[in-house]
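# Just to be clear, the model below is a prediction. Sequence and coordinates:
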Amino acid sequence: MQLSMMSSYKQVLKSFKISVFALSAFFALFSSQVYASNPSTTEGFPRAELLEENQFNNAEYRLVISGLKRKRAETSGEVERLITGDVERQFWQISTNHEVEQIIDYFLDQWQNAKILYRCKGLDCGSSNFWANEIFNNAKLYGRDKNQAYVVAMVPGSPNRIYVLYAVQRSKQKLFFNLDQVTTNDQLVDDDVQRENLINALQKETGWLEGFYTLDGQIDEKKSDLLISTLKSLDSTVKRRLFLVVHCYQANNMAENIACSSRLAQQLRAATYQGVEIPVFGQGALTLPQLNNLQPQLRFVLWPKQR
């Protein structure tokens, strides 16, 4: 009788251990799947030193998605959003054997599915003091205006995930960067913001234009409506100086990419005509794609004003 009871006890204990092991394995697998489907961090820059890390839940966040303006002795973004969300902030230092643009490009390569809301570098970013003290509240980020860069990228979803990266060279020996990862359900971009960003982009001599969409080898005029309407509304003096270049990258040979870009250029030329025709050319894959995006893209060149 005692042997029988002891044998039963061992069997129950063995079953309990198996159940615990099975449950542990299940929860480990479940946790790994959740983490894989919802990664919360970005891989850090190689050999960078993490100096400080903070997390703020349900916090207000001042998001600048345009160039800066100065009014009544105060600096602010032409376009800003005050959003609410969870913020993960990391402050890093790295050897000055690297350059600011290397840091920006490294993270952009990781954010392949992200939409760039705004990007600037050097003097186009304005005052480093503004970014250091007004936006990131970290005086160590105050550095050389000509050696700085800022980018805002968003992965749309429910919620949206936003990456805000600012890098600056403070001295010959010190290069810092701040990375904020913001999770929010707030709406960030509307038509007015996108139109403002397009107009701001066209203040430069050359660059890429957002909002160019295609479908089955044709311009998707419905999705591209904001871009097309903005180009149509430009002043005629700007239109005469503006040259648009369409690039296609999807084919394995240059001839097909040239044919694709020439066809899209012809369509865009017709779609943007309003009184004055904007010259549009197709150049296939003769220029490297922006952010390694192989979808058709639109580049512009603004001819200098005659003196």
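On my side now, so go ahead.

# what stretches of the stretch 1-150 of the chain score poorly on pLDDT?
By pLDDT under 70, the weakly predicted segments of the stretch 1-150 of the chain are 1-42.

# just so I have it, where are all the strands in it?
49-64, 68-71, 74-77, 80-94, 115-121, 148-155 (DSSP state E, counting those that start in this stretch).

# Just give me the neighbour total for H247.
The number of residues packed near H247 is 28, by other CB atoms under 10 Å. Yep, even glycine has a C-beta here, placed from its N, CA and C like the rest.

# partner residues bridging it?
Residues in a beta bridge with H247, per DSSP bridges, are Q297.

# Residue ranges of each domain in the protein, please.
1-38, 49-184, 195-302 (automatic domain parsing).

# Okay, and the beta partners of T206?
V301.

# Correction: the previous question concerned Q169.
Per DSSP bridges, the residues bridged to Q169 are L175.

# Quick check, it in contact with Q148.
Yes: the criterion here is CB atoms under 8 Å, and Q169 meets it with Q148 at 7.4 Å.

# Next, show the common contact partners of those two.
Taking CB atoms under 8 Å, 6 or more residues apart in numbering as the criterion, Q169 and Q148 both touch V100.

# of those two, who's got more company?
Neighbours were tallied for Q169 and for Q148 using other CB under 10 Å; the higher tally belongs to Q148 (27 against 21).

# confidence score at the closest residue to the more buried one other than its chain neighbours?
Nearest residue to Q148 in three dimensions, chain neighbours excluded: V168, at 4.2 Å (CB to CB, 6 or more residues apart in numbering). pLDDT for V168: 95.

# coming back round to it: nearest to M254, of the strands of the stretch 1-150 of the chain?
strand 115-121 (26.8 Å; CB to CB).

# Which strands or helices does the closest one pack on?
If you count contacts as 3 or more CB pairs under 8 Å, 6 or more residues apart in numbering; DSSP states H and E, strand 115-121 packs onto helix 100-110, strand 148-155.

# can you redo these as TSV with distance to Q218?
Listed next are the helices and strands packed on strand 115-121 as TSV, based on distance: least, CB to CB, whole Å:
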stretch	distance to Q218
helix 100-110	29
strand 148-155	27
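
# quick revisit: what's around the residue nearest to Q148, how many residues?
With neighbours defined by other CB under 10 Å, the count for V168 comes to 25.

# Pretty sure it sits against G143.
Yes: V168 is within contact range of G143, at 3.8 Å (criterion: CB under 8 Å).

# hey, what's in contact with both of those two?
Common neighbours of V168 and G143 (CB under 8 Å, 6+ apart) are 128, 132, 176.

# Can you add distance to L188 and give these back as JSON lines?
Output for these, formatted as JSON lines (distance: CB to CB, whole Å):
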{"residue": "S128", "distance to L188": "24"}
{"residue": "A132", "distance to L188": "23"}
{"residue": "F176", "distance to L188": "26"}
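
# between these, which is nearest S262?
Of all the shared contacts of V168 and G143, S128 has the smallest distance to S262: 43.3 Å, by CB to CB.

# Surely that closest one touches A149?
No: proximity of S128 to A149 does not meet the contact threshold set by CB under 8 Å, at 10.6 Å.

# Residues that sit against both of the two, list them.
Common contacts of S128 and A149, defined by CB under 8 Å, 6+ apart, comprise V168.

# residue contacts, F176?
91-94, 140-141, 143, 167-168, 170.

# Grab the nearest non-local neighbour of F243.
Closest to F243 by CB to CB, 6+ apart is V301, at 4.6 Å.

# What's the local residue count around that neighbour?
15.

# From E205, how far off is it?
Here the criterion is CB to CB, to the nearest Å. By it, V301 lies 7 Å from E205.

# what residues are up against the closest residue to W92 other than its chain neighbours?
Nearest non-adjacent residue to W92, counting by CB to CB, 6+ apart: A48, 4.5 Å away. By CB under 8 Å, 6+ apart, A48 lies in contact with 92-94, 177.

# Which one (most neighbours) among these?
F177 (24 neighbours).

# I'd like to know how far it sits from L50.
For F177 relative to L50 (CB to CB), the value is 11 Å.

# list residues touching both of these two?
91-92.

# Does the helix or strand harbouring S261 pack against any helices or strands, and if so which?
In the assignment (DSSP states H and E), S261 maps to helix 254-271. Here helix 254-271 touches strand 218-219, strand 242-247, strand 280-282, going by 3+ CB pairs under 8 Å, 6+ apart.
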